[in-house]
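Enquirer: Predicted model and sequence follow; I will ask about them next.
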Amino acid sequence: MHRISNYLLLILPILIILTCPALAEEQPDYYKNYEELVKVVRLIKDKYVDDVELEDLLAGAYRGMLQELDPYSQYITPDEMEDLRIETEGEFSGLGIEVIVQDGILTVITPMLGSPAFSAGVMAGDKIIHIEGESAERISLREAIKRLRGAPGTKVTITVLHPGEREPKDITIERGVVHLRSVRGVEMLDDDKKIGYIAITSFQEDTPEEFDNAIEDLLQKGMQALILDLRFNPGGLLDTSVEVADKFLEEGVIVSTKGRDKSQDHIYRAEKPGTYTNFPIVVLINKGSASAAEIVAGAIRDNNRGLLVGTTTFGKGSVQSLVPVEKGESAIKLTTAKYYTPSGKLIHNVGIAPDIVVELNTEETKNLQEYMSRLNNADSPKKDNDEVAPSEGKDYVDIQLQRALDVLRNEQLLYTKLLSNPAL
């Protein structure tokens, strides 16, 4: 036992100091605090009722330290690294929700469009208080994901508290294969006014190319104005969101990041090559718009390039860096910076407010999700033996989308005025 403890005491501080030179100036206090950690490890190894592997203890320590920092920093195991890789490729098995642990409560950032959770009625901002009847209070993000995931076709019941409601509700969801189609719903909404529509559901590696193709398709049909729908978009890759925003701007700041370490300070600027023609834009946002979606919305609004319609976004404006550990088999996902809009406003925990507010109550949000699920299903590629369901809800009116259309159709004066005096 002493051999293991001495190994820890000698080797780990050296490794950490080598990777964190700033600690070299604080060695006395650092060693003192580290000795206490080793004492705890030794105590557990000597006194705990069951034998515990040292690797498991250290992994638990990593998780605990990161969990105490913020809802987004976490330790990622080798198995979770593989899950992360699969998710960024746009297809995985599960419920299709983005969750965080916020103030000890498992909170939904947004259900992903077309996912089982979206279709079942899980909403952005939902508090998950039970999973299969067991309390989710103070649950770790790792444990929550483990309990929510499962094989396609299996079911899980979660108890949620919708935003603004007092009574919790049970929702049973059948897990499935989630196909994340980054760009969807490309169409001309108004042939007379030539108003086009594109929704981006997440920012993946292929998003800029898909978006270019969609814009080109609409321009060939004579598009003169665009509604860009970023509702229920949980974000994705920073670089692709910057690339999409850059397509609307000839110059100016898109987003900036600032961290305690100056190496994390970056300013992302627009460049003229590849910029689309200067057609009017309205961007739809809501509580489910987060992270990379907020970057695009903030860049368009702060550069007076377009208007935002809907409700205030989620406010996920922090940058996580993936730092490989254990020979690259695991990683630490660590918050290293925060996003700022071109006007210098912090996104994190604040969100971006729309220029034109169109609120939806819980029932209206549920109806919107049901409607968008039907549209997504109709827009999805069909196999030869698939049956197309009869059109449902054809009389449904998406009032946020309708407001965006009204602005572009009939309110050019208001549109111009708001662009000259944006509500920043």
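Expert: Cool, the structure landed. Just so we're clear, the structure is a prediction, and the values are computed from it rather than from any experiment.
Enquirer: What's the end-to-end length of stretch 344-362?
Expert: End-to-end distance for stretch 344-362: 33 Å, by CA to CA, to the nearest Å.
Enquirer: residue ranges with poor pLDDT in the stretch 251-400 of the chain?
Expert: Applying pLDDT under 70 to the stretch 251-400 of the chain picks out residues 378-394.
Enquirer: residue contacts, Y62?
Expert: Y75, I332 (CB atoms under 8 Å, 6 or more residues apart in numbering). Every C-beta, even on glycine, is put in place using the N, C-alpha and C of the backbone.
Enquirer: That one: what secondary structure?
Expert: helix (DSSP: H, G, I helix; E, B strand; the rest coil).
Enquirer: And I109, by the same measure?
Expert: With three-state DSSP as the basis, I109 sits in strand.
Enquirer: For it, which non-adjacent residue is closest in space?
Expert: E98 (3.9 Å; CB to CB, 6 or more residues apart in numbering).
Enquirer: And I139, by the same measure?
Expert: L106 (5.8 Å).
Enquirer: which residues of the stretch 1-150 of the chain fall in helices?
Expert: Secondary structure of the stretch 1-150 of the chain (DSSP state H, counting those that start in this stretch): helices at 2-19, 27-47, 54-67, 78-88, 116-120, 141-148.
Enquirer: other SSEs contacting whichever strand in the chain runs longest?
Expert: Taking DSSP state E as the criterion, the chain has its longest strand at strand 330-340. Counting contacts by 3 or more CB pairs under 8 Å, 6 or more residues apart in numbering; DSSP states H and E, strand 330-340 packs against helix 54-67, strand 74-76, helix 78-88, strand 253-258, strand 318-325.
Enquirer: closest to A404 out of these?
Expert: strand 253-258 (22.3 Å; CB to CB).
Enquirer: and the closest one with strand 330-340, angle?
Expert: 120 degrees (axes from the mean of the first three to the mean of the last three CA atoms, to 10 degrees).
Enquirer: Go through the helix or strand that strand 253-258 is followed by and flag the buried ones.
Expert: Using DSSP states H and E, the next helix or strand after strand 253-258 towards the C-terminus is strand 266-269. Within strand 266-269, the residues scored as buried using 16 or more other CB atoms under 10 Å are Y268.
Enquirer: CA-only coordinates of the helix or strand just after strand 266-269 in PDB, if you can.
Expert: Heading C-terminal from strand 266-269, the first helix or strand you meet, by DSSP H and E, is strand 281-285. Coordinates of each C-alpha in strand 281-285 appear next as PDB, following Å, rounded to 0.1, in the frame of the first residue of the first chain:
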ATOM      1  CA  ILE A 281     -33.100  37.900 -43.200                       C
ATOM      2  CA  VAL A 282     -35.200  37.000 -40.200                       C
ATOM      3  CA  VAL A 283     -33.900  34.500 -37.800                       C
ATOM      4  CA  LEU A 284     -36.200  32.400 -35.600                       C
ATOM      5  CA  ILE A 285     -35.000  31.600 -32.100                       C
END
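Enquirer: name the helices or strands packed onto strand 281-285?
Expert: strand 225-229, helix 292-302, strand 307-310, helix 399-410.
Enquirer: got a list of contacts for the last one?
Expert: By CB under 8 Å, 6+ apart, the surrounding residues in contact with helix 399-410 are 189-190, 193, 195, 197, 225, 227, 229, 231, 280, 282, 284, 286, 307, 309-310, 356, 358, 360, 364, 368, 414-415.
Enquirer: when you compare where the longest strand of the chain runs with where helix 292-302 runs, what's the angle?
Expert: Using the same axes, to 10 degrees: strand 330-340 against helix 292-302 is 20 degrees.
Enquirer: what's next to strand 330-340, contact-wise?
Expert: 62, 66, 69-70, 72-78, 81, 255-259, 261, 264-266, 294-295, 317-325, 346-348.
Enquirer: same check, this time on stretch 360-369
Expert: Residues contacting stretch 360-369 (CB under 8 Å, 6+ apart): 111, 118-119, 121, 123, 162-165, 232, 286, 311, 396, 398-400.
Enquirer: Which of these has the largest number of neighbours?
Expert: Within the contacts of stretch 360-369, F232 tops the neighbour count with 30 neighbours, counted by other CB atoms under 10 Å.
Enquirer: distance of the closest residue to that one other than its chain neighbours from T77?
Expert: Closest residue to F232 apart from its sequence neighbours, by CB to CB, 6+ apart: G288 at 4.0 Å. According to CB to CB, to the nearest Å, G288 and T77 sit 28 Å apart.
Enquirer: And G114, by the same measure?
Expert: In terms of CB to CB, G114 sits 28 Å off from T77.
Enquirer: Repeat that for P111.
Expert: Taken as CB to CB, the span from P111 to T77 is 25 Å.
Enquirer: now do A353
Expert: 38 Å.
Enquirer: just E210 next, same as before
Expert: 32 Å.
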